[in-house]
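1. Build the 3D model from these lines:
(3 chains)
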Amino acid sequence: MRKLSFMVFSTIIAFALLLSACASAATSAPAATQATGSTPAPTTESLSGNISISGAFALYPMMTVWAAEYTNINPNVKFDVQGGGAGKGMTDTLSGAVDIGMISRAIKPAEEAQGAYWVAVTKDAVFPVVSAQNPVAADLTANGINQATFNKIFITGEFKTWGDVVGKPEVKDAIHLYTRSDSAGAADTWALFCGGKVQADILISAIGVNGEPALVDTVIKDPLGIGYSNLNSVFDATSGKLVAGALVPPIDANKNGKADADEYFQSKADAVSAVSSGKYPSPPARFEFLATKGKPTGLTLAFLNWILTDGQKYLDAAGYVPLTPDQQAESLAKLK
Amino acid sequence: MIKKHWARRHIEEAFVKGLMIVSFALVAGSLGLILWTVIVRGLPALTWDMVTQSPQGGFYMGKGGGVLNAIIGSLYLAGGGTLIALIVSLPIALYLETYLGNSEWGRFVRLALDVLWGIPSIVYGAFGFAVMIAIGLRASLLAGIIVLSLVELPIMVRAMDEVIRRMPTDLEHAALALGSTKLEVALRVVIRQMLPGIVTAVLLAFGRGIGDAASVLFTAGYTDRIPTSLLRPTASLPLAVFFQLGTPYPEVQKRGYASALILTLIILIISLGSRLISARLNRYTVK
Amino acid sequence: MNGSNQTLTIESRNETEGRQNRPSAASRRGRDRTARKAFLVITLLPLFLIVLMAISLILRTWPILRVHSLAELVFGMTWKPDNGLFGFWPFITGTIWVTVVGVLLAVPACLLVSLYLSEYAHSTTRSIAKPVLDLLAAIPPVVYGVWGLLAIVPFVEKVLAPLSKRWLSSIPIFAVNQPTGFSILSGGIVLAVMIAPLIISVVYEILATVPNDLRHASLAVGATKWQTIRQVVIPQVLPGIVAGVVLGASRALGETIAVLMVVGNVARVPTSIFDPAYPLPALIANNYGDMMSIPLYDAALLGAALVLLIVILIFNIISTLVLQRMLGRKKT
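-> Residues are numbered from 1 along each chain as shown, chains lettered A, B, ... in the order given. As a prediction, this is how the structure comes out:
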């Protein structure tokens, strides 16, 4: 029995080692799974095939709308859309696991080097958020906050009290900083705006909240809180007004020390038009991209072309910012 | 006449007994609270559409649709996983009982199974993900089924083993005395005796599989369509809940609660069903 | 007594009824042998699985161990994968804090409940308790998470935190440093309810191994039930109770989704139970999407999974061995 036990045991170990060795050998040759979306299907009436998409949660709701509408026009096209974050979208696209990646941040040079090809399909923006009950709310809405100040709040931590922010040293209320604890394109964009940084550079003492709605919720509850969020989380989807209890402090873009009328947003419409016209600084306004590995072809190309033409009309209702005709043309040119 | 004298130890006992009852109430009350919370917050958003439709365009912004994709996806995932786990568990449970019994090897295998039982599903998910990358398998229904079967295996074997160990051994001895081989004893006597236990084990594992998010997170992906192929991603109820709660739209969050309610109801039905079925099947066992 | 032609042995019956109706003893034994081998192979699969899991996770973690020392990884305080900084210390401490709070909250109540069910309760109470515990154990983690989000987080935020601020603010471990309910305490409460059925059922089974004679003897000399429990029953099975608690702790260590939804997910070493934390399972779950896009990130995260696996393996093996020995006293 002893000998049998020993033999059995060593067989198991040997087998497991063998299998794992094979597995790790296979890893060094990255698995290139064929992207099914590149099945050539040129004629518009008979488009068929599968398109798989993954990526930023920021684009996810919009993509499901686009997918549904496209399927209405071309019933034989099937979509698989997943979230997972911008990072996942890029990884999946580059590895061939999906056809299109939804990327809510700028494409990194390293990703471009690996073959990422992208087009802008909509504009979105990240907005700063404070509680409507902030002690210095009046000052904030009157004078706004400029980018250098945001840098000192979010990145360097030089400003620790609300008094610092509005230039009133007698106000000693501490700033409660909130950020996204999950990997978020919005966080990257905001950090970029504040000081040319990335999400990881936001003050380590900032309280991480997982997920955007939770972040906005938390800031609303904390009179001394400040955070950032996408358009859709601060403005109510149906009424277009600010979510109850939230306040978007104006970004003093022209640095004149005052919040001009077009810098202060109280409704979604205001915000959208500022982003669309370019008045709202970019960053934190940003283009949202769809990325493919290499130049898209076939069904994927057809879909992307559609998004940039007919698809644009669905953006407004969904609360996203449509591209201007120039921006559209630019993206379409990239696809040719 | 003996006067009742409240010694300190009696007071101590009454005190402790009180604490015990409070604790029991706490635990039972937690169950009630959980069910209450989920029902109260989930029921308002639980519409017929939720259960019969997949997400339509704009679902994640509050427009139409439901979580049928996730319901069916979860049923496929847990169904496939449970089936594979069953095929592997039954021989193991039978082998343990009829051939290994309480021998050293038997205890060793049981130890291994208990250890596997204790490994959290996130580790199974991470392992599954590592293997998937290595062999080039994409996030898909198949990958999710395989990982789930790994998660469910120890649960099923453990449950079956518990049942087998409680069985009176007289039946087996009688069969052996009549000249049956151990295999025949296993197939003809033990399985029949075990039938309620098998059903309970299967339903237990199925319930666990349908509710597990951490293992399918990396391996099954997500999609808004009802799964039609083993090699494409599939939605699952736990992930549906998770994602819906992560959107900024209150209507969608409420639907997340409703999806959690759907999941809870499925579990309740399984729990209840397992009791009823095993009670019925006890007809076939010898006491 | 009668002629041998009257006696039917199994073999001769075969000849009368036809070989095809009854397999021979030899073929039945043959089938038994084949089945034995087949079942043996299948039974070895679980063992194989554990080894395979450990090895594959080790292999995937290896790349990061070549670049950073183990000490750097374990005790490093900064987590910035973009910059190649993989300090796990905040996550390790976060995991420990949440698990300890969960276990501390669960154990007293669970022990009391098991003792109650084992020593005091009527059979009716016991028959209610079983479905209740089974149901608690069957509720999916994500539903616990939703409950935590809807009931526990607000409770901590609006009731417990203000209370602590008022009465316990001088004790650092109860300091309230942030306004939300997303905290170790919330995670601990949810975990406590999740591991309760496990601890209760294990301890209950342990208590059942104590022979009733012992209890009766103690009662016969005039001890109260509680005295009996405290001085006779529990000392008999103390290692088993500890093993049960350790088992519960290892379950709490690995719980991912429910904790993730309520614990705040902030990568800082906690100083108070009202602080948020970022346990290892949550780290893995939240960041798996980025795994492949940043160098060494996958090795780091799978390394975290490996650490979890090893710790839980150790806890599980030790407690299962203890329990096997204690419960083995029962029949079979």
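
2. By mean pLDDT, flag the weakest helix or strand of chain C.
-> One helix or strand of chain C scores below all others by mean pLDDT, DSSP states H and E: helix C:10-17, with a mean of 54.

3. Quick one: the strands in chain C, in order.
-> Using DSSP state E, the strands of chain C run over C:79-80, C:85-86.

4. swap that for chain A, sorry
-> For chain A, strands defined by DSSP E occupy the ranges A:49-55, A:77-84, A:100-103, A:116-131, A:176-180, A:207-209, A:225-230, A:246-247, A:285-293.

5. Rebuild those strands as TSV, extending it with mean pLDDT and mean neighbour count.
-> Where you see a C-beta, it was placed from the backbone N, CA and C, and this is true even at glycine. TSV is the format used below for the strands of chain A (pLDDT from 0 to 100; neighbours: other Cβ atoms under 10 Å in any protein chain shown):
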stretch	mean pLDDT	mean neighbour count
strand A:49-55	89	26
strand A:77-84	84	24
strand A:100-103	92	29
strand A:116-131	90	24
strand A:176-180	88	24
strand A:207-209	78	26
strand A:225-230	92	28
strand A:246-247	90	22
strand A:285-293	89	24
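
6. Just put those in JSON lines and tack on distance to chain C.
-> What follows is the strands of chain A, written out as JSON lines (distance: least, Cβ to the nearest Cβ, whole Å):
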{"stretch": "strand A:49-55", "distance to chain C": "8"}
{"stretch": "strand A:77-84", "distance to chain C": "4"}
{"stretch": "strand A:100-103", "distance to chain C": "10"}
{"stretch": "strand A:116-131", "distance to chain C": "10"}
{"stretch": "strand A:176-180", "distance to chain C": "7"}
{"stretch": "strand A:207-209", "distance to chain C": "4"}
{"stretch": "strand A:225-230", "distance to chain C": "7"}
{"stretch": "strand A:246-247", "distance to chain C": "15"}
{"stretch": "strand A:285-293", "distance to chain C": "12"}
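
7. Now tabulate the ones you listed in JSON lines and tack on distance to C:Ala54.
-> Output for these, formatted as JSON lines (distance: least, Cβ to Cβ, whole Å):
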{"stretch": "strand A:49-55", "distance to C:Ala54": "30"}
{"stretch": "strand A:77-84", "distance to C:Ala54": "28"}
{"stretch": "strand A:100-103", "distance to C:Ala54": "33"}
{"stretch": "strand A:116-131", "distance to C:Ala54": "36"}
{"stretch": "strand A:176-180", "distance to C:Ala54": "34"}
{"stretch": "strand A:207-209", "distance to C:Ala54": "32"}
{"stretch": "strand A:225-230", "distance to C:Ala54": "41"}
{"stretch": "strand A:246-247", "distance to C:Ala54": "49"}
{"stretch": "strand A:285-293", "distance to C:Ala54": "34"}
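
8. so which of those strands comes closest to chain B?
-> strand A:77-84 (4.1 Å; Cβ to the nearest Cβ).

9. Can you name every helix or strand that the closest one contacts?
-> Packed against strand A:77-84, as judged by 3 or more Cβ pairs under 8 Å, 6 or more residues apart in numbering or on different chains; DSSP states H and E, are the following elements: strand A:49-55, helix A:60-73.

10. what pairs with it, and is each one parallel or antiparallel?
-> strand A:49-55 (parallel) (DSSP bridges).

11. tilt between the partner strand and helix A:60-73?
-> Here strand A:49-55 points in a direction 170 degrees away from that of helix A:60-73 (axes from the mean of the first three to the mean of the last three Cα atoms, to 10 degrees).

12. mind saving the C-alpha coords of strand A:49-55 as CSV?
-> What follows is strand A:49-55, C-alpha atoms only, in CSV (Å, rounded to 0.1, in the frame of the first residue of the first chain):
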residue,chain,number,x,y,z
GLY,A,49,-22.2,38.2,-38.5
ASN,A,50,-21.2,38.7,-34.9
ILE,A,51,-19.6,41.7,-33.3
SER,A,52,-18.2,41.5,-29.8
ILE,A,53,-17.5,44.6,-27.8
SER,A,54,-16.1,45.3,-24.4
GLY,A,55,-14.7,48.2,-22.5
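
13. Strand A:285-293 and that strand, what's the angle between them?
-> Taking the same axes, to 10 degrees, strand A:49-55 and strand A:285-293 form an angle of 130 degrees between their directions.

14. Which residues does strand A:49-55 contact?
-> Under the criterion Cβ atoms under 8 Å, 6 or more residues apart in numbering or on different chains, residues A:35-37, A:39, A:41, A:63, A:67, A:76-86, A:88-90, A:92-93, A:97-104, A:291, A:298-300, A:303, B:221, B:232-233 lie in contact with strand A:49-55.

15. Now with 6 Å, please.
-> Residues from elsewhere that reach strand A:49-55 (Cβ atoms under 6 Å, 6 or more residues apart in numbering or on different chains): A:36-37, A:39, A:41, A:63, A:78-82, A:84, A:86, A:88-89, A:92, A:98-103, A:299.

16. Then stretch A:149-157?
-> A:158-159, A:194-195, A:197, A:201-203.

17. Filter those residues down to the buried ones.
-> The neighbour count (16 or more other Cβ atoms under 10 Å in any protein chain shown) marks A:159, A:194-195, A:197, A:201-202 as buried among the contacts of stretch A:149-157.
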